[in-house]
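S.K.: Provide a 3D model corresponding to the input given below.
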Amino acid sequence: QVQLVESGGGLVQAGGSLRLSCAASGIILSINAMGWYRQAPGKQRELVAAITSGSSPNYADSVKGRFTISRDNAKNTVYLQMNSLKPDDTAVYYCNAEGVWTSGSYRGDYWGQGTQVTVSS
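M.R.: Prediction:
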């Protein structure tokens, strides 16, 4: 059984910083890509940032230069450092693990439960 556990959300003033963490638990052999998505009220879920097992990152244009994604393959953990936060960044942030292999079996994709990030003006 694979689970993604997120932490690090909260309330911050505009211009502040937060760091999100997401750890994948279970007997995991490899994860192709890990990433962060967000969903604001009344909007569709959107990709914020993703990173491959080879540490190649991809960012949404709206967060480039402000957010940094990183991962620790040995710990199956992905991080999202968010700086210069804006009220428009307010959303529920979801961790995603894409292409998970466990004990020789392909398990597909997994999602975390979501963590709220609120940026006040």
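S.K.: List the pairing partners of the lowest-mean-pLDDT helix or strand in the chain within its sheet, with orientation.
M.R.: When each helix and strand of the chain is scored by mean pLDDT, DSSP states H and E, strand 105-111 comes last, with a mean of 92. As defined by DSSP bridges, the strand partners of strand 105-111 come to strand 91-102 (antiparallel).
S.K.: ok, residue 92 to residue 102 distance?
M.R.: To residue 102, residue 92 is 27 Å away according to C-beta to C-beta, to the nearest Å. Using the backbone N, CA and C atoms, a C-beta is placed for each residue, glycine as well.
S.K.: related to what we said a few turns ago, roughly how far is the least confident helix or strand of the chain from the heart of the chain?
M.R.: Centroid separation for strand 105-111 versus its chain: 16 Å, with C-alpha atoms, centre = their mean, to the nearest Å.
S.K.: Show me which parts of that strand are buried, residue by residue.
M.R.: Buried residues in strand 105-111, counted by 16 or more other C-beta atoms under 10 Å: 107, 110.
S.K.: and what of stretch 1-14?
M.R.: Buried residues in stretch 1-14, defined by neighbour count with 16+ other C-beta under 10 Å: 2, 4, 6, 8-9, 12.
S.K.: what's the closest non-adjacent residue to the most centrally placed residue in the chain?
M.R.: Geometric centre of the chain, nearest residue: residue 36, 2.7 Å, by C-alpha atoms, centre = their mean. In space, and not counting its chain neighbours, residue 36 is closest to residue 48: 4.4 Å by C-beta to C-beta, 6 or more residues apart in numbering.
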